[in-house]
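Pasting the sequence and the predicted model now:
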Amino acid sequence: MTIAAVVISLNEAINLPRCLQSVGWCEERLLVDSGSRDGSQAIAQRCGARVLEHRQTGRFSFTEQRNWALDHGGLHSDWVLFLDADEEISPACRLAIEQATAQAQAVSDGPVGFELTPRYWFLGRWLRHSQGYPNWHPRLVRRGRLRLTGSMWESFPAGSHVGRIAVPYEHYAFSKGIDDWLERHIRYADWEAEHTLAFLDGEGSRALGTDRHLRLRRLAARLWPLRPLLRFSQKYLLQRGFLEGWQGLVFALLMAGYELITVVKMVERRRMARGLPL
């Protein structure tokens, strides 16, 4: 039973040493880079990882990048563990992964994939409530037996025989500061605006993707003018972000701001389609 770690990155020099060190126990370590200009590829090679570059055309898709690694990464291990560069596998999570994959491989009808859950760190605090822990993500697949599906966000195909590993990995999504966080979420907002409008214009649920939160996406699309208020209420009140001090408040406000950008982008697109000035 062997495991390969696949890390995807773009300008992640600050995060890669921690990430790659945390999977030093894997038989293979592969970095799939989108064209970094900050020395990320050289850092990964110094850390002992193999490096491949794959630049997508059009909007970036996590699903496409991970499936590309499965198809073209030259991997040989039985299992493939997917990580982002701002994530880390703890020793306890490593043990849980090794036990789960060994048990799955020991039986003929065992799971061919596993969902993992992160601990989301924000300005020194684990946001257990604000991020709805445990929040499951498809991160471990048996090579040749399972692929990922989805558009912006990946998921396992419906009906797949998958399990869950409850011991969390670590996610430092704010590790490059507010500028990087905002840049990424502006990209996400553009995707949300485009696909929400497609759904509202009659393309059906497929316009919103096939990820694990499709029901919530449909509701958010129908109530799109209220998205900022709804997101703040969800994060700070319903999920009890108020228990996480000032970090919980700041994070809820940032997520409401992200939704506000999405709403503005929708208005922009509609006005442009009608030939109206911005």
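Perfect, thanks for sending it. Numbers count the residues shown, from 1 in each chain.

Tell me the buried residues in stretch 1-15?
Using 16 or more other Cβ atoms under 10 Å as the test for burial, stretch 1-15 gives 3-9, 11-15. Using the backbone N, CA and C atoms, a C-beta is placed for each residue, glycine as well.

just the strands in the stretch 101-250 of the chain please.
Secondary structure of the stretch 101-250 of the chain (DSSP state E, counting those that start in this stretch): strands located at 113-122, 125-126, 137-142, 149-150, 154-155, 162-171.

Determine which of these approaches Pro225 most closely.
Checking the strands of the stretch 101-250 of the chain against Pro225 by Cβ to Cβ gives strand 149-150 as the closest, at 26.3 Å.

what's the offset of that closest one from the middle of its chain?
12 Å (Cα atoms, centre = their mean, to the nearest Å).

Columns secondary structure and pLDDT on top of the buried residues of stretch 1-15, output as a markdown table?
Formatted as a markdown table, the buried residues of stretch 1-15 follow (DSSP: H, G, I helix; E, B strand; the rest coil; pLDDT from 0 to 100):
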| residue | secondary structure | pLDDT |
| --- | --- | --- |
| Ile3 | strand | 98 |
| Ala4 | strand | 98 |
| Ala5 | strand | 98 |
| Val6 | strand | 98 |
| Val7 | strand | 98 |
| Ile8 | strand | 96 |
| Ser9 | strand | 96 |
| Asn11 | coil | 96 |
| Glu12 | coil | 97 |
| Ala13 | coil | 97 |
| Ile14 | coil | 97 |
| Asn15 | coil | 98 |
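
Please render these as a markdown table that adds distance to Leu123 to the earlier fields.
Below are the buried residues of stretch 1-15 laid out as a markdown table (distance: Cβ to Cβ, whole Å):
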| residue | distance to Leu123 |
| --- | --- |
| Ile3 | 32 |
| Ala4 | 33 |
| Ala5 | 27 |
| Val6 | 28 |
| Val7 | 24 |
| Ile8 | 24 |
| Ser9 | 22 |
| Asn11 | 21 |
| Glu12 | 19 |
| Ala13 | 21 |
| Ile14 | 16 |
| Asn15 | 16 |
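
before we move on, the earlier item: of all the strands of the stretch 101-250 of the chain, which one is nearest Leu20?
strand 162-171 (13.9 Å).

Parallel or antiparallel, list what pairs with that closest one.
With DSSP bridges as the test, strand 162-171 is paired with strand 87-88 (antiparallel), strand 113-122 (parallel).

Reformat those strands as a markdown table; add mean neighbour count and distance to Thr63.
Listed next are these as a markdown table, based on neighbours: other Cβ atoms under 10 Å; distance: least, Cβ to Cβ, whole Å:
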| stretch | mean neighbour count | distance to Thr63 |
| --- | --- | --- |
| strand 87-88 | 22 | 17 |
| strand 113-122 | 22 | 14 |
